[in-house]
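[1] Please find the sequence and the predicted model below.
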Amino acid sequence: MAGLELLSEQGFRIDGRKPSELRRIRCKLGVFNQADGSAYIEQGNTKVLAAVYGPHEIRGSRSKILHDRVLVNCQYSMATFSTGERKRRPRGDRKSKEMTMHLQQTFNAAILTNLHPRSQIDIFVEVLQSDGGNYCASVNAATLALIDAGIPMKDYVCACAASYVSDTPIVDINYLEESSGGAELIVATLPKSEQIVFLEQNSRLHEDNLGPVLDLAVKGCKDIHAVLDQAVKDHVAEATAGSSIE
Amino acid sequence: MAEIHLSDAEKTFIIHGVQDNLREDGRGCEDYRHLEIETGLVSNTSGSAKIRLANTEILVGVKAELGEPYPEKPDKGRLEFFVDCSANATPEFEGRGGEELATELSSMLARAYQCPSCLDLRKLSVVEGKQCWIIYVDVLVLEYGGNLFDAASIAVKAALFNTSIPTLTVSHDEGHVEIDLSDDPYDVQRIEVTAAPCIVTLSKLGHSHVVDASSKEEACCLARLMLGVTEKGTVTAMKKEGSGSLDTSSVEDMLQTGRRVGQALNKSLMEVLMSDDKVGKKQHLTGFLR
Amino acid sequence: MPADSRRINGPEKSISPYAFSKPCKDIKITEPSLQRKDGRNPDNIRPIFLKTGLITQAQGSAYIEQDGTKVICSVYGPRAVIRKEEFSMQGQLTCDFKFTTFSCHNRRQYQQDAEEKDFSVQLLEALEPAVLLHKFPKAQVNIMVTVLQNDGSVLAASVTCASVALADAGIEMYDLVIGSSARISGATILMDPCATEEYSDKDSAHVNNGSVTVGLMPSLNQISAVTSKGELEFEHLNKAMKHCVSMCVDLYPVCQQALAVAMETRINADPKT
């Protein structure tokens, strides 16, 4: 890309980060009272809200019932003002539908689905401001919301994206780095068991480089896990502050 | 709108309380609940505001784009309202579930802002008949705890107040029109919203009426009157909503109350926005990280 | 109505020639002594023609004509709800408001636009208070309103027409709902405005320039619908509403008579019942 140097000679990225540095994460659990669980996360300038309802009775047609496990129902939507160019509708376009499906697959792998047969869990994700890494922020927000709702899961699900720019792998890419046409690797992991639950790659990447980029992304997931875990602990501490435990 | 089911006894309790000017949460009939407003939260927009009215949470983003004016109003800019009821508020809004409420809200907002004196659309014209600013006002309903219309209109007014549109210079050059965008990001125009209306909803409960009904109160109210009230006390839009009817004399009373409350609301809102504006960018934004 | 893909649509961008016509001068309606274009006084309403039972397949129907404003309404039901989710112990009312494509100054689209959807909701909320919904549980009544020609005060005419059609269908009601509308311009209140007199936001930026529509149940003295447009001062709005209410009361016998006539002809046609 002419005129746009994604990595400076000093080894800094366009927003001043080092290649292996994450954006600042700020998050909060329990932002809404009406939802069973909710969370808000900011990863740099990407801001996402997630709400979880359930487990509850199946809504709508009975044919959707799964007799051995819970139905995980997701909806991904983006506020019309979230992107640089105004979006015409918040959901229903191809990209949102794909994202919805990806979220569904991811959380089907992480939630202990066999504990609530014939029921439904709703995960609603709303992107308020988008600056790259929408999937990752959505997954992280949804994880926090699920934990807030007290839904049994195998582990946190943490997602992180990585790219490869001028012979250096870079982690947690923002919109500029994402849209520069370089490779993009998106990973969602269960950090403790180091299992990958979702993996997607866009654009071309040399086979030799796949390893380092993937390692960096997985490490990013672990770092995010530490942040999220701390947030959950803080939230629990705050919630129980008034009550003494014997 | 997590569905609320009230028993007859609960309804009677609420209605009797209102008759004695005491509501279930301790307010009087003309009191609003605690209201929090923050502006300038979403950096991708020209202006934004978030409002939290008890459990009702609304985020409004305003985007200014250049486009063509309507052929029948060549000398005016355009103001477009779009409402999205997020499924976060209630699972019923999933997919297209919230659309009905959304169109109702957007048409009420559009009607309230339709009169020429509320918002001077002529200032948004760039080249007459060719180019104008289109102000997209996108309302996102995140949580629903009663009194959606009032909250949305307050948020819209705050977001429009917060909106800054880049200054354009138009130069005519041998029948050729050139539009230049100012390079300075601080060289912006604001939208004058002092005369813009706020919606005041009056809910009829028993023989009295209340403002800012909570979702419980809404569940036992059959008829509501919505008024778009400006700071001067004029009414820019009126609408009766709900499946009940109203006595002719009570409509007059409700109008009186609506005007009184609406004027006070507009006044305090503008005061808050002005004082917030003075603090400017220095203030610490908490957003959702309360 | 779903989009018809086989229909040949006009060019994607076309502009009505009226957009280029010179804006007509502000109708001088501020002088109180003035006669209106069609020779009426400000308080006068247009002559009304109201007839029921035009659409034979429908359970009830009505047609109203106020000079240039022509509205037809049909009522179907009560009929069973089809979808299980719609089950309710209260009867349900649905309302479908549509301008025919040729009814207005500018051509309308086949699909319901925002204004028509808004009118549907307003009409529904005007009629709901009058109908004894608990009398037909698990069932619904569908009201279809079609504007054949729009010459102002459409919503008011639709309300009257729909409530008469409901009565014609034999749906139990507390009262008829009569609609009326007024245009406010300064101190003048014009009752039952025609299309050229109606408020539009193109009008100059004066306060007290707007319109009001009221739906009234005359024998109960209850207002079931009220809506206004344009910036109005409280006193003017209130005065206009009072005018509307008295106009509704004046119209009440007209509707009653139309229903009585319909009933008479029905009895005469079939003496056994």
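    Arrived safely, thanks for sending.
[2] Could you use CA atoms for every contact and neighbour count after this?
    Noted.
[3] Find the residue at the geometric middle of chain A.
    The central residue of chain A, meaning the one whose C-alpha is nearest the mean C-alpha position (C-alpha atoms, centre = their mean), is residue A:139 at 2.3 Å.
[4] Enumerate the residues of chain A near chain C.
    Chain A comes close to chain C at residues residue A:60, as judged by C-alpha under 8 Å from any C-alpha of the partner chain.
[5] Those residues of chain A touching chain B, which are they?
    With C-alpha under 8 Å from any C-alpha as the criterion, chain A comes near chain B at residues A:26-28, A:31-35, A:40, A:50-53, A:75, A:79-84, A:86, A:90, A:92, A:122, A:124-126, A:128-129.
[6] If any of these are buried, give me the ChimeraX selection for them.
    Applying 16 or more other C-alpha atoms under 10 Å in any protein chain shown to the residues of chain A next to chain B, the buried members can be selected in ChimeraX as follows:
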select /A:27,28,31,32,34,35,40,50,51,52,53,75,79,80,81,82,83,86,90,122,124,125,126,128,129
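[7] could you say what helices and strands the one helix or strand residue B:210 maps to packs with?
    When elements are assigned from DSSP states H and E, residue B:210 belongs to strand B:208-211. Taking 3 or more C-alpha pairs under 8 Å, 6 or more residues apart in numbering or on different chains; DSSP states H and E as the contact definition, the neighbouring helices and strands of strand B:208-211 are helix B:8-19, strand B:198-205.
[8] Point out the most buried one among the ones you listed.
    When neighbours are counted by mean count of other C-alpha atoms under 10 Å in any protein chain shown, the highest per-stretch mean among the helices and strands packed on strand B:208-211 falls to strand B:198-205, a mean of 28.
[9] I'd like the mean pLDDT over it, please.
    Taken as a whole, strand B:198-205 has an average pLDDT of 94.
[10] which residues of chain C score low on pLDDT?
    Counting by pLDDT under 70, chain C contains low-confidence ranges at C:1-4, C:10, C:22-34, C:84-86, C:201-206, C:271-273.
[11] Assign a three-state SS to whichever residue of the stretch 51-200 of chain B sits closest to chain C, would you?
    Across the stretch 51-200 of chain B, the shortest distance to chain C (C-alpha to the nearest C-alpha) belongs to residue B:72, at 4.5 Å. For residue B:72, the reduced secondary structure class is coil; criterion used: DSSP: H, G, I helix; E, B strand; the rest coil.
[12] got it, and residue C:111?
    Going by three-state DSSP: residue C:111 is coil.
[13] what separates residue C:210 from residue B:106, distance-wise?
    Look at residue C:210 and residue B:106: by C-alpha to C-alpha, to the nearest Å, they are 20 Å apart.
[14] likewise residue C:222?
    From residue C:222 across to residue B:106, the span is 28 Å (C-alpha to C-alpha).
[15] now do residue C:144
    Between residue C:144 and residue B:106 the computed distance is 24 Å (C-alpha to C-alpha).
[16] With neighbour numbers in mind, choose between these two.
    Just comparing residue C:144 and residue B:106: by other C-alpha atoms under 10 Å in any protein chain shown the higher neighbour count belongs to residue B:106, 24 against 19.
[17] Can you tell me the element the more buried one falls in?
    Applying DSSP H and E as the criterion places residue B:106 in helix B:99-112.
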